[in-house]
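A.B. asks: generate coordinates for the sequence data below:
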Amino acid sequence: MTLTEKELQAYFTGKKKHAAYNKTVEIYDNLRTHANGEKPGQLLNDYRPGESSEIFNYRLKIYEPVTKEHISQIITSLSKIRRSSDWSIKYTQPVPAVITPAETPQQYCEVAFPYFGSLTNWVFSVLLKNYLIDPNAVILVTPLNTDVQAHEYLKPFPVIFNSTQVLEYVEDELAILKSKEQCAYRSGNTLRYDGDVFYVVDKQHVHRYEQTAKGYALASSYAHRLSRLPVIRVKGSFFDTYGPYVVYESRISPVVPRLNKVVREDSDLDAAKVAHLYPEAWEYATQPCADCYDATTGQCTGQVRVGNKPVACTACSGSGLVPSSGPYKKYVVRPTNQNMGEQPVPIPPKGYVTKPVEIVELQDRIIDKNSYKALASINMQFLLQAPLNQSGYAKEVDRDELNNFVYAIAEDLVQLMDECYWFIINYRYSTIVPDVHQRSQLLPEVKVPEKFDILSLT
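C.D. replies: Numbering: from 1, shown residues only. Just a heads-up that it's a prediction; the model follows:
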């Protein structure tokens, strides 16, 4: 599948994207908000019924990402897959003599893999999180440096492009990806360093386009000679199809509705603590307000003049009376003229408003309940240290369901590893081992584990 320069420019300028772009980004954003601790504006920015702007701004200001820990716990727990007793990566076939001992597949992938030491380390430190929060992401496997000498080996490396960066994808035909890299370009007399970079990948080449003063131009092109697209879709559970484009959802997507509730309710709890928990004093005001006192009438009017316009006095809020107490002052009570219609001063003339604290306790329990049910939706409620025997919503962990859930994730990860191994080996050895069958024997066997040490003995 070949696109013209004009068609490519439409993708680069944001005028065109694949049919399911908005849906894939929505799926990614729903989980990324919780996983990365980003402020979820769509959950917080709605005014609650009867809420003042003061409380609204207070909620937004003190927001903390309380749901980040839930996703972090899930990721940490699933990273134990590699600790399974039957997890193994085996290289069973002998390596051809033409491959030097320091450049064997096992040496590169398990010992000298760039930045991470091994492909396994990359899978469980980078891929696992992206797989869980963005099932429609893609992995581009390409050499770190294509300008190598005849005696040197390429160093292929997998790079993840999230849904926001995948502008087009046609299965085994084409991928247009926006990189997080930036390039330098000249804008008028100014040299800028925030230019966009795009990769256009097909079955023959990896093209790199960079922003220029006049648009976007081809910066480099690499012929990968793989006869297939070096791009892997992360995938997950099937969600829907948009024409030929298949959309996936994460295997942990059932946690999203409950975690959204936790975010809203925790924000409401912050406001409820102010309204129902913090002490609020009341005081019987008996002293005339000096700011709005009218000497001609001997009365406090509750108004002051700003220019020629009367406005409410800010010192007494228009009441004409102000309190006279403070933490280190005596409270002086002015006798009232009851025969003039004034009410008697209450004794004591100062106290505290009695507030119902039950709503705070109730909201706290609701947050715990939704946190529990979010994890229970993927049978990982054991991650919460809750007293299950005292909880009306607790249930026993179904070990079989948990095992099936973890096995499905392990199977997905192993499939992605197999794909990465295939591209790495074909990049590195296609020239010196031209026989396809012989190269296939260099691939390691990665076994999908069946025994998972996810639950503790207790």
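
A.B. asks: so what does residue 365 have for phi and psi?
C.D. replies: phi -70, psi -40 (degrees, to the nearest 10).

A.B. asks: same thing with the one 4 residues further on?
C.D. replies: Listed backbone geometry of residue 369 is phi -60, psi -50, with angles given as degrees, to the nearest 10.

A.B. asks: could you measure from it over to residue 375?
C.D. replies: Between residue 369 and residue 375 the distance is 11 Å, computed by Cβ to Cβ, to the nearest Å. (Each C-beta comes from the backbone N, C-alpha and C, glycine too.)

A.B. asks: which stretches of the stretch 101-250 of the chain form helices?
C.D. replies: Counting by DSSP state H, counting those that start in this stretch, the segments of the stretch 101-250 of the chain that form helices are 105-110, 119-122, 128-133.

A.B. asks: please name every helix or strand in contact with the second one.
C.D. replies: What it means is helix 119-122. helix 105-110, helix 399-429 (3 or more Cβ pairs under 8 Å, 6 or more residues apart in numbering; DSSP states H and E).

A.B. asks: would you list the ones you listed in TSV and tack on mean pLDDT, mean neighbour count and distance to residue 217?
C.D. replies: Formatted as TSV, the entries for those read as follows, by pLDDT from 0 to 100; neighbours: other Cβ atoms under 10 Å; distance: least, Cβ to Cβ, whole Å:
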stretch	mean pLDDT	mean neighbour count	distance to residue 217
helix 105-110	96	19	34
helix 399-429	94	18	26
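
A.B. asks: what's the per-residue pLDDT of residue 447 here?
C.D. replies: Confidence at residue 447, expressed as pLDDT, is 94.

A.B. asks: show me what contacts residue 263?
C.D. replies: 34, 40, 43-44, 66-67 (Cβ atoms under 8 Å, 6 or more residues apart in numbering).

A.B. asks: nope, residue 182 is what I meant
C.D. replies: With contact taken as Cβ under 8 Å, 6+ apart, residue 182 is in contact with 193-197.

A.B. asks: look up the residues forming beta bridges with it.
C.D. replies: Applying DSSP bridges to residue 182 gives these bridge partners: residue 196.

A.B. asks: just the one 10 residues further on next, same as before
C.D. replies: Residues found in beta-bridge contact with residue 192 (criterion: DSSP bridges) are residue 185.

A.B. asks: surely it is in contact with residue 210?
C.D. replies: No: at 11.9 Å, residue 192 and residue 210 do not qualify as touching, with contact defined as Cβ atoms under 8 Å.

A.B. asks: which one's more surrounded, these two?
C.D. replies: Set residue 192 next to residue 210 and count neighbours by other Cβ atoms under 10 Å: residue 210 wins out with 19 against 14.

A.B. asks: which residues touch that one?
C.D. replies: 183, 185, 195-198, 216-217, 219.

A.B. asks: what distance do you get for residue 36 to residue 138?
C.D. replies: Residue 36 sits at a distance of 19 Å from residue 138 (criterion: Cβ to Cβ).

A.B. asks: those two: which has the busier surroundings?
C.D. replies: Neighbours per residue (other Cβ under 10 Å) separate residue 36 from residue 138, with residue 138 holding more: 22 against 12.

A.B. asks: where does residue 57 land on pLDDT?
C.D. replies: If you check residue 57, the pLDDT there is 89.

A.B. asks: helix, strand or coil: sort out it for me.
C.D. replies: Look at residue 57: counting by DSSP: H, G, I helix; E, B strand; the rest coil, its state is helix.

A.B. asks: for it, grab the count of nearby residues.
C.D. replies: That count, for residue 57 with other Cβ under 10 Å as the rule, works out to 10.

A.B. asks: what average pLDDT does stretch 200-209 get?
C.D. replies: 95.

A.B. asks: swap that for stretch 279-296, sorry
C.D. replies: 72.

A.B. asks: show the end-to-end separation of it, please.
C.D. replies: Start and end residues of stretch 279-296 are separated by 40 Å (Cα to Cα, to the nearest Å).

A.B. asks: ditto for stretch 242-252
C.D. replies: Between the start and the finish of stretch 242-252 there is a gap of 22 Å, counting by Cα to Cα.

A.B. asks: can you give me the helices for the stretch 301-450 of the chain?
C.D. replies: 358-376, 399-429, 436-440.

A.B. asks: got those helices as TSV, with distance to residue 60 columns?
C.D. replies: Putting those into TSV (distance: least, Cβ to Cβ, whole Å) gives the following:
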stretch	distance to residue 60
helix 358-376	18
helix 399-429	35
helix 436-440	56
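
A.B. asks: quick one: which of these is nearest residue 322?
C.D. replies: Set against residue 322 and scored by Cβ to Cβ, those come closest in helix 358-376, at 32.0 Å.

A.B. asks: list the buried residues for that closest one?
C.D. replies: By neighbour count with 16 or more other Cβ atoms under 10 Å, helix 358-376 contains the buried residues 359-360, 363, 366-367, 369-376.

A.B. asks: report the distance from that helix to the chain centre.
C.D. replies: With Cα atoms, centre = their mean, to the nearest Å as the basis, helix 358-376 stands 22 Å off its chain's centre.

A.B. asks: so what does it touch, helix or strand wise?
C.D. replies: helix 68-78, helix 256-276.

A.B. asks: need these in TSV (columns: mean pLDDT).
C.D. replies: As requested, the helices and strands packed on helix 358-376 are arranged in TSV below (pLDDT from 0 to 100):
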stretch	mean pLDDT
helix 68-78	94
helix 256-276	85
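
A.B. asks: now distance to residue 170 too, for the ones you listed, in CSV please.
C.D. replies: CSV is the format used below for the helices and strands packed on helix 358-376 (distance: least, Cβ to Cβ, whole Å):
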stretch, distance to residue 170
helix 68-78, 31
helix 256-276, 29
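
A.B. asks: who wins for proximity to residue 154 among the helices of the stretch 301-450 of the chain?
C.D. replies: Closest approach to residue 154 among the helices of the stretch 301-450 of the chain (Cβ to Cβ): helix 399-429, 5.0 Å.

A.B. asks: just how off-centre is that closest one within its chain?
C.D. replies: Its chain's average C-alpha position is 23 Å from that of helix 399-429, according to Cα atoms, centre = their mean.

A.B. asks: residue 178: which of the helices and strands packed on helix 119-122 is closest?
C.D. replies: helix 399-429 (21.1 Å).

A.B. asks: quick one, that closest one and helix 68-78 angle?
C.D. replies: Counting by axes from the mean of the first three to the mean of the last three Cα atoms, to 10 degrees, helix 399-429 lies at 70 degrees to helix 68-78.
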